[in-house]
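Undergrad: All I have is the shape, not the residue letters:
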């Protein structure tokens, strides 16, 4: 008969009083900043990186184009706008056209945002968010 519950991978670490004692740190050695207690500040600084401040990538453009092409395929097939063979044949064409459009649009937006930040925070709230 097949096993229904997953087996434990570690021992239960409670003692007779029910207190669980910590094993301590396992894994990689902490960096000097982590040892000095600045780890929380480092983690917060890493979290605060705004994605709009990162340059666009072809991978991101491809994933966005794939999402749009699948959505288009679903609409064409779902509403019966075209025959399945035609819709499937249109899929790679839309994908190939949308990838560079998506990348260069992202690049234009990125450069625009960087220029606005260099001027002194941008003029509008929308550009600085």
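TA: Cool, got the structure. Since this is a predicted model, take the numbers as computed values, not measurements.

Undergrad: From residue 69, how far off is residue 104?
TA: From residue 104 across to residue 69, the span is 17 Å (Cβ to Cβ, to the nearest Å). For the C-beta atoms, the positions are set from N, CA and C on the backbone; glycine is no exception.

Undergrad: cool, and residue 81?
TA: For residue 81 relative to residue 69 (Cβ to Cβ), the value is 15 Å.

Undergrad: So for these two, which residue has more residues nearby?
TA: Neighbour tally, residue 81 and residue 69, criterion other Cβ atoms under 10 Å: the higher count belongs to residue 69, 20 against 11.

Undergrad: residues contacting that one?
TA: If you count contacts by Cβ atoms under 8 Å, 6 or more residues apart in numbering, residue 69 has them with 91, 94-95, 98.

Undergrad: and it, which of the three is it?
TA: Assigned by DSSP: H, G, I helix; E, B strand; the rest coil, the conformation of residue 69 is helix.

Undergrad: which secondary structure elements does the helix or strand hosting residue 85 contact?
TA: Using DSSP states H and E, residue 85 sits within helix 84-120. When contacts are defined as 3 or more Cβ pairs under 8 Å, 6 or more residues apart in numbering; DSSP states H and E, helix 84-120 packs onto helix 58-78, helix 125-128.

Undergrad: ok, and which of those has the densest surroundings?
TA: Neighbour counts averaged per stretch over the helices and strands packed on helix 84-120 are highest for helix 58-78, at a mean of 15; criterion: mean count of other Cβ atoms under 10 Å.

Undergrad: So for that one, mean pLDDT?
TA: For helix 58-78, the mean per-residue pLDDT is 94.

Undergrad: Show me the shaky parts of this protein.
TA: 1-3, 8-14, 21-26, 33-34, 37-40, 42, 45-46, 121-129 (pLDDT under 70).

Undergrad: Assign a three-state SS to the spatially most distant residue from the centre of the chain, would you?
TA: Within the chain, the residue lying farthest from the chain centre (Cα atoms, centre = their mean) is residue 16, at 44.8 Å. Secondary structure for residue 16, judged by three-state DSSP, is coil.

Undergrad: Measure how the helix holding residue 85 sits relative to helix 58-78, angle-wise.
TA: Taking axes from the mean of the first three to the mean of the last three Cα atoms, to 10 degrees, one finds helix 84-120 and helix 58-78 inclined to each other by 140 degrees.
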